[in-house]
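[1] what shape does this take:
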Amino acid sequence: MLILGGLGVLALVVAYTVGRVQTASHITEAKQKVEQIDKSQKQTKGQLDSEKAIVKQLEARRRLHMALLALDQRNFGIADQHMHAAAKLLGESQPAAGSDLAKLQQKIQSFKLVATEDLAGQRQKILDMAHSFDDLVPPAKP
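    This is a model prediction of the structure:
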């Protein structure tokens, strides 16, 4: 009877040890999967942030064009709003400090439209900014 009881205790100890080993391996696998998912999410977040910056830059370029259109219609207030929006969007895209894109953002931000009959000078300055923007962020190829 004592031998039978000893075998029973031994079987319980073996079963407990096997269960602990299996659980430990499952826990290790789960931790590795979580680490892989975290790494993947960080990469995805970085890509998403990069894509958001590009969208903001493209919207800033679009706003420069809209400012030109408003200026041609002699709507100086709307044109000025578009210029401010372009500068804000370009700043939100977080260009590297001191980069040409950051300098362009400052140039757009400091540009002041003046209501006047002769639009050629102001129009040319906005066009120059748009061309500079196109040189810095070339259009995508189809």
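
[2] which residues in this protein form strands?
    Assigned by DSSP state E, the strands in the chain number zero.

[3] center of it - which residue?
    Asp49 (1.8 Å; C-alpha atoms, centre = their mean).

[4] tell me how far it lies from Ala97.
    Separation of Asp49 from Ala97 (C-beta to C-beta, to the nearest Å): 17 Å. Heads up, the C-betas are built off the backbone N, CA and C, glycines and all.

[5] contacting residues around the residue nearest to Ala115 when sequence neighbours are not counted?
    Setting aside the residues directly before and after it, Ala115 is nearest to Phe76 in space (C-beta to C-beta, 6 or more residues apart in numbering), at 4.5 Å. Contacts of Phe76 were listed using C-beta atoms under 8 Å, 6 or more residues apart in numbering, and they are 70, 113-115.

[6] I'd like those written out as TSV, with pLDDT added.
    Converted to TSV, the contacts of Phe76 look like this (pLDDT from 0 to 100):
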residue	pLDDT
Ala70	94
Leu113	88
Val114	87
Ala115	85
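
[7] good, wrapping up.
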